[in-house]
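J.: Test case, fold it:
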Amino acid sequence: MRYGHFDDKRREYVITRPDTPRPWSNYLGSTEYGAIITNHAGGYSFYKSAARGRFTR
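T.: Numbers count the residues shown, from 1 in each chain. Alright, predicted model coming up:
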């Protein structure tokens, strides 16, 4: 099964099928702002505290 490919020019892995064998999420952030995004486009962003500082859901 193939779920994506490496793009050498952009230096990234491109997922072409969202039905990956296991769920996954990416954490993006700095010391004050963060976001969690899943392979099904779910997630949220927050300021300072993931529990108390949500911006979006």
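
J.: what bits of the chain have low per-residue confidence?
T.: Counting by pLDDT under 70, the chain has low-confidence residues at 1, 56-57.

J.: can you pull out the strands in it?
T.: Per DSSP state E, the chain carries strands over the ranges 4-7, 12-15, 25-29, 33-38, 43-47.

J.: residues in contact with the last one?
T.: Meaning strand 43-47. If you take C-beta atoms under 8 Å, 6 or more residues apart in numbering as the criterion, strand 43-47 is touched by 25, 32-37, 50, 53-57. In short, each C-beta sits where N, CA and C put it, glycine included.

J.: I'd like the strands of the chain as TSV, with mean neighbour count appended.
T.: TSV is the format used below for these (neighbours: other C-beta atoms under 10 Å):
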stretch	mean neighbour count
strand 4-7	11
strand 12-15	11
strand 25-29	11
strand 33-38	15
strand 43-47	15
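
J.: hmm, back to that, now distance to Arg2 too, for the contacts of strand 43-47, in TSV please.
T.: As requested, the contacts of strand 43-47 are arranged in TSV below (distance: C-beta to C-beta, whole Å):
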residue	distance to Arg2
Ser25	21
Glu32	38
Tyr33	34
Gly34	31
Ala35	28
Ile36	26
Ile37	22
Ala50	33
Gly53	38
Arg54	35
Phe55	35
Thr56	32
Arg57	32
